[in-house]
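Chemist: I'll drop the sequence and a predicted model, then ask my questions.
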Amino acid sequence: MHPHFKPGPLPLSMQLTPEGKLKHFLSTEGLPHLLLHDIMDRAEQFVTLPAKQQKKAPFLRGKTVMNLFFENSTRTRVTFEIAAQRLGADVTNLDIRTSSATKGETLLDTVRNLEAMNADMFVVRHEHAGTAQFIARYCAPHISVLNAGDGRHAHPTQAMLDMFTIRQKKGDFAPLKVAIVGDILHSRVARSQIHALTSLGTGEVRVIAPKTLVPAGLDKMGVNIFNNLDEGLKDLDVVIALRQQRERMDSALLPSEQEFFKLYGLTDKRLEATKPDAIVMHPGPINRGVEIDSRVADGSRSVIMEQVTNGIAVRMAVMSMIMGSMAGGAA
Amino acid sequence: MHPHFKPGPLPLSMQLTPEGKLKHFLSTEGLPHLLLHDIMDRAEQFVTLPAKQQKKAPFLRGKTVMNLFFENSTRTRVTFEIAAQRLGADVTNLDIRTSSATKGETLLDTVRNLEAMNADMFVVRHEHAGTAQFIARYCAPHISVLNAGDGRHAHPTQAMLDMFTIRQKKGDFAPLKVAIVGDILHSRVARSQIHALTSLGTGEVRVIAPKTLVPAGLDKMGVNIFNNLDEGLKDLDVVIALRQQRERMDSALLPSEQEFFKLYGLTDKRLEATKPDAIVMHPGPINRGVEIDSRVADGSRSVIMEQVTNGIAVRMAVMSMIMGSMAGGAA
Amino acid sequence: MHPHFKPGPLPLSMQLTPEGKLKHFLSTEGLPHLLLHDIMDRAEQFVTLPAKQQKKAPFLRGKTVMNLFFENSTRTRVTFEIAAQRLGADVTNLDIRTSSATKGETLLDTVRNLEAMNADMFVVRHEHAGTAQFIARYCAPHISVLNAGDGRHAHPTQAMLDMFTIRQKKGDFAPLKVAIVGDILHSRVARSQIHALTSLGTGEVRVIAPKTLVPAGLDKMGVNIFNNLDEGLKDLDVVIALRQQRERMDSALLPSEQEFFKLYGLTDKRLEATKPDAIVMHPGPINRGVEIDSRVADGSRSVIMEQVTNGIAVRMAVMSMIMGSMAGGAA
């Protein structure tokens, strides 16, 4: 496929039009903070559409959105599908893993073929880092690419729904202390969150993780690293738990589930170290009793369900902004 | 998941709003006969939409219907999908069996997540009795739940399309003799039919089955039990065959396919015992030569294909009534 | 299922209404060349819809299109799904292979059931030759059937998108020399192309293939057979490569991939034998280095991507013509 393609430094020009508008959404890395706020401003409009009224905002009427899922993820696929439907798009789901027609075909040939059907937008999920970026670089100019998760690299819509939730609850990012807790090493979500948080001028960004799960070079990203949960939680405004991949537990790098919970699991008791009004976030789906205690997940600090609601609004925001840019900036 | 949850007595207040309008559709048990007639009256409007004209009736425009199928059933999924499409809804199919994201997640966490995406309606199919009821009890107030089959418990839209078909063909239920033939013990369809038939004041409701396939306590439901087919068929107006689950054949409870057909299979010869204008029904898909002879299935008594057509209309009726109730009774 | 059904001579009356309008689209065999040009004329309207504008042409609004795929083909399914969506239809995908409900049910019972849901159009893909024809013969009169590939028999929409592409590039068929290269024996695409090319009065139709891959009786179809690539390519206007099924390679009938490429693979060098402005076509997905060299596939002669774009337009054309015929010829 593209064995030598590494998601290297992503020039801003790959995600933006010459006028500085969003063309692809591949990574939060390097995006101007004004653009991140534009996304959140627009998401604000969509999230306040009354839940039980007409939820349609047909910015994508007559457009074709293709969900290219090389890696299975029913939940993520559904969030993009619903966002596109509410924008009035035609949505087609391609579960490329099971497509025998693509066997022996190169990734680029698959992409060329789908773009020739006059698709307008590809939502790409792939186990290899850099796939969305690769497709964006080589696909036809009329196509926009949204990264729905590529290997350990990035998951920018997840990061933006997190930012949007923080802004909703806390307002300005400057005075905030925010920590990400868990397996940073394998997490595309953590990477995208760190880029967004620093771009938005967050007061302090921390990660809290065992030494074996902190990637090399993280300190150069302007992040404070804690290996001890209680110390890391001190005075926080926002605690972001990561999902622990159960299949990685008990490996060389990771302690058992029980031990992980004892050392890094979020409980009411340990959260007393944070500010009294600190919020707790999680990208879902949660592992109760592994990275988070049930009382925390269902408690008053938790904004996990609001994150899900915001996830639809943020994806609608990104999709509609991109379509506006492609049509000449009208939307 | 919810191992201790049993579908116990279903209070009417779980399916109806305080104003007595339909909020969830979980079971035909205990529903007032006037409400059952309301469903059929509305289905009448949908079924008479000319087949080749505009089939859309956009009562659900801008609404999001999620088909949550924990158990595979392409056919049932398609009937709900088509009904929702014709009502103008956005439909999303979730094949939850194959979703790795839900592994290790509780059923309630899955539900919470989907409701946070501002879904309006869940169509639920699950191998465990009580699942739809469980979800209806614990989900957010803006969600309505339709039971598309839960274990051996209930399949209320199937029962209502059967009632609608009987009303179309026979009019009033009071003078009718109706029998259900086959594996009553394992049949959610039979349970829902019996509740609906008795609620609608059917003159006589019979079941015809081997002793081993009659559930205990059935006699208390106001049903006459026959173990002999010829006796049970006598003077019937309506004969409802059940689908025999082939995987259950040759077990301790059930005779072989051949023996079953000899004892309980519907043939033209044996149907002579019924009234001359008796109709024959089947929920599909049929096993020719097991519970029903091909000449009966394709013959003049058979209304099996009309049942399928009515199934779309009844599902549209239930969905649109529920949406009307949720919006304050407008529809 | 229908073991004794062979796709025999297809009477014109099976595909056309008494007024000569398209009712089903099962095969290109025997269709009048004027009708083939009608399809291409209409496709012309759809293909020139500007790519980035409103792509909707709601000729099928309120209609229900069912994709009945008994054989997996994500790519073909997507082309029909997109065509139907752009025509405003409701589309339902049925992956019948995995449907347990249809186990033990006859093909006709499955069809009867789906037609009773007031479907308007079945798009049928099946590994057995004749299935689409069989369904068209026995289904209800309000249903139209599109053959999306049946065994080795026919794939008429693929053939028509090829004809449309040739007409776009070359205009009149009369002066053209056209060759099909590869495994003719197993190819439904080749069969449908030959029928269409001869009906359209193509100057010369050739096939180029090893002797083992030429079906008996092909010479009676008005086709010139070449076993040598260089001789067959001489003075061609159009070269159509077929996809080689890799699973058939190294069998008794076929040489290895390397050997096949050496003998029949299209390279720039060998294409020098054709006319200078000859075009190269391929139904996709391509096997680079087997039937076609990468430089040819991506080179200036290749119209492979235009074929894909035209594929959507041709399917929209066929679907909208059929719906027009069914509604009394209005569209």
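Modeler: In hand now; what should we look at? Numbering: from 1, shown residues only, chains lettered A, B, ... in the order given.
Chemist: what residues does the stretch 151-300 of chain A put near chain B?
Modeler: A:Arg246, A:Gly284, A:Pro285, A:Ile286, A:Asn287, A:Arg288 (C-beta under 8 Å from any C-beta of the partner chain). C-beta here means a position set from N, CA and C on the backbone, and glycine is covered the same way.
Chemist: does the fourth one touch A:Asp293 like I think?
Modeler: No: contact status for A:Ile286 versus A:Asp293: not in contact, 10.2 Å apart, counting by C-beta atoms under 8 Å.
Chemist: between the two, who's got more neighbours?
Modeler: Between A:Ile286 and A:Asp293, counting by other C-beta atoms under 10 Å in any protein chain shown, A:Ile286 is the more crowded of the two (24 against 19).
Chemist: what about the more buried one, helix or strand, and which?
Modeler: Assigned by DSSP states H and E, A:Ile286 belongs to neither a helix nor a strand.
Chemist: do you know how far it is from A:Asp38?
Modeler: 30 Å (C-beta to C-beta, to the nearest Å).
Chemist: swap in A:Thr79?
Modeler: The value you get for A:Thr79 to A:Asp38, if C-beta to C-beta is used, is 20 Å.
Chemist: which SSE is the residue most central in space within chain A in?
Modeler: For chain A, the residue nearest the mean C-alpha position is A:Gln158 (2.2 Å; C-alpha atoms, centre = their mean). Per DSSP H and E: A:Gln158 is located in helix A:156-170.
Chemist: now do that helix: distance to the chain's middle.
Modeler: Using C-alpha atoms, centre = their mean, to the nearest Å, the mean C-alpha position of helix A:156-170 is found 9 Å from that of the whole chain.
Chemist: for stretch A:288-305, same thing?
Modeler: 20 Å.
Chemist: equivalent analysis for stretch A:142-162, please.
Modeler: 6 Å.
Chemist: in that stretch, which residues are buried?
Modeler: Neighbour counts over stretch A:142-162 (16 or more other C-beta atoms under 10 Å in any protein chain shown) mark A:143-150, A:152-162 as buried.
Chemist: and what of stretch A:198-206?
Modeler: So for stretch A:198-206, counting by 16+ other C-beta under 10 Å, buried means A:Thr198, A:Ser199, A:Leu200, A:Thr202, A:Glu204, A:Val205, A:Arg206.
Chemist: dump the residues of the stretch 151-300 of chain A next to chain B to JSON lines, plus distance to chain C.
Modeler: Listed next are these as JSON lines, based on distance: C-beta to the nearest C-beta, whole Å:
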{"residue": "A:Arg246", "distance to chain C": "27"}
{"residue": "A:Gly284", "distance to chain C": "27"}
{"residue": "A:Pro285", "distance to chain C": "25"}
{"residue": "A:Ile286", "distance to chain C": "30"}
{"residue": "A:Asn287", "distance to chain C": "30"}
{"residue": "A:Arg288", "distance to chain C": "32"}
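Chemist: so how far is C:Ala83 from A:Cys87?
Modeler: Heads up, residue A:87 is Leu, not Cys. 21 Å.
Chemist: just to revisit the earlier point, quick one: least confident of the residues of the stretch 151-300 of chain A next to chain B?
Modeler: In terms of pLDDT, the lowest of these is A:Arg246, showing 72.
Chemist: that residue: neighbouring residues, count only.
Modeler: 13.
Chemist: for the stretch 1-150 of chain A, what spans make up the helices?
Modeler: With DSSP state H, counting those that start in this stretch, the ranges of helices along the stretch 1-150 of chain A come out as A:12-15, A:33-47, A:74-86, A:107-115, A:131-138.
Chemist: from the chain's centroid, how far away is the strand or helix carrying A:Val207?
Modeler: Using DSSP H and E, A:Val207 sits in strand A:204-208. Mean C-alpha position of strand A:204-208 versus that of the full chain (C-alpha atoms, centre = their mean) differs by 18 Å.
Chemist: that strand: partners in the sheet, and parallel or antiparallel?
Modeler: strand A:177-181 (parallel), strand A:224-226 (parallel) (DSSP bridges).
Chemist: which helix or strand lies directly C-terminal to the last one?
Modeler: Note on strand A:224-226: by DSSP H and E, the next helix or strand toward the C-terminus is helix A:229-233.
Chemist: just the buried residues of that following helix, please?
Modeler: Buried, per 16+ other C-beta under 10 Å, within helix A:229-233: A:Leu229, A:Gly232, A:Leu233.
Chemist: contacts for it, please.
Modeler: A:179, A:181, A:206-208, A:226, A:239, A:263-264, A:270-271, A:273-274 (C-beta atoms under 8 Å, 6 or more residues apart in numbering or on different chains).
Chemist: dump these to TSV, plus pLDDT.
Modeler: Compiled in TSV, the contacts of helix A:229-233 are given as follows (pLDDT from 0 to 100):
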residue	pLDDT
A:Ala179	98
A:Val181	98
A:Arg206	98
A:Val207	98
A:Ile208	98
A:Phe226	98
A:Val239	98
A:Leu263	95
A:Tyr264	96
A:Arg270	98
A:Leu271	98
A:Ala273	98
A:Thr274	98
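Chemist: out of the residues you listed, which are buried?
Modeler: A:Ala179, A:Val181, A:Arg206, A:Val207, A:Ile208, A:Phe226, A:Val239, A:Tyr264, A:Arg270, A:Leu271, A:Ala273, A:Thr274.
Chemist: isn't A:Asn72 up against A:Arg97?
Modeler: Yes: taking C-beta under 8 Å as the definition, A:Asn72 is a contact partner of A:Arg97 at 6.6 Å.
Chemist: these two - which one has more neighbours?
Modeler: A:Asn72 (16 against 11).
Chemist: which residues does A:Asn118 contact?
Modeler: A:Thr64, A:His142, C:Ala51, C:Lys55, C:Thr309, C:Ile312.
Chemist: can we see that at 7 Å?
Modeler: A:Thr64, C:Ala51, C:Lys55, C:Thr309, C:Ile312 (C-beta atoms under 7 Å, 6 or more residues apart in numbering or on different chains).
Chemist: do you know the pLDDT at it?
Modeler: A:Asn118 is given a pLDDT of 93.
Chemist: any buried residues in the longest helix seen in chain A, and which?
Modeler: When chain A is parsed with DSSP state H, its longest helix is helix A:304-326. By 16+ other C-beta under 10 Å, the buried positions in helix A:304-326 come out as A:304-326.
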